[in-house]
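**Student:** Build the 3D model from these lines:
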Amino acid sequence: MLDWKTYQGELLARIGDVGKLSPETVKGYRALSAAGAQSSRLGDKTRELIALAAAVTARCDGCIAVHAEAATRHGASREELAEALGVAIAIGAGAALVYSARTLDAFEANHAASPAAVR
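**Tutor:** Numbers count the residues shown, from 1 in each chain. Take a look at the predicted model:
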């Protein structure tokens with residue numbers, strides 16, 4: 001598997017490079033990322049577990065590296081992580097099912113509009 005610590009360090013260095021090239025973009029990202037934490041209603045641990053579930057559904061290794069470290073730092077347990085990942089897995093399967101239905105609808109709409117379509 002991946003050496004997550006090394007990857008996280010390399011990733012953050014490259015993000016630093018992006019920040020030098022486009023400082024307002026990174027500044028905007030940081031503001032967006034920090035905005036939700038202002039209320040503290042969920043707490044750091046819960047926010048990091050949500051971030052990890054979202055990272056799984058987005059398939060973002062960088063997000064996984066950063067938020068796994070933060071979830072650990074905020075005291076998340078393996079069992080809590082497993083529950084959050086279970087939600088991500090359910091959403092991923094559910095989303096695939098929903099988009100399968102949409103794809104079938106799009107296919108049938110095109111099929112019905114095409115006189116040459118073979119049924």
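
**Student:** CA only for contacts and neighbour counts going forward, please
**Tutor:** Noted.

**Student:** For whichever helix in the chain runs longest, enumerate the helices and strands it packs against.
**Tutor:** Longest helix of the chain, by residue count under DSSP state H: helix 78-113. Judged by 3 or more C-alpha pairs under 8 Å, 6 or more residues apart in numbering; DSSP states H and E, helix 78-113 is in contact with helix 44-58.

**Student:** now the helix it packs on against helix 78-113, angle please.
**Tutor:** Calculated by axes from the mean of the first three to the mean of the last three C-alpha atoms, to 10 degrees, helix 44-58 forms an angle of 30 degrees with helix 78-113.

**Student:** Can you name the element that comes right after helix 44-58?
**Tutor:** Sequence order places helix 61-73 as the next helix or strand after helix 44-58, per DSSP states H and E.

**Student:** Isn't Ala53 up against Ala82?
**Tutor:** No - judged on C-alpha atoms under 8 Å, Ala53 makes no contact with Ala82 at a distance of 9.7 Å.

**Student:** The two: which is more packed in?
**Tutor:** Counted by other C-alpha atoms under 10 Å, Ala53 and Ala82 do not tie: Ala53 has more neighbours, with 25 against 13.

**Student:** Find the nearest non-adjacent residue to that one, please.
**Tutor:** Distances taken as C-alpha to C-alpha, 6 or more residues apart in numbering place Ala88 nearest to Ala53, at 4.9 Å, with adjacent residues excluded.

**Student:** That neighbour contacts Ala58, doesn't it?
**Tutor:** No - Ala88 lies out of contact with Ala58 (C-alpha under 8 Å); the separation is 9.6 Å.
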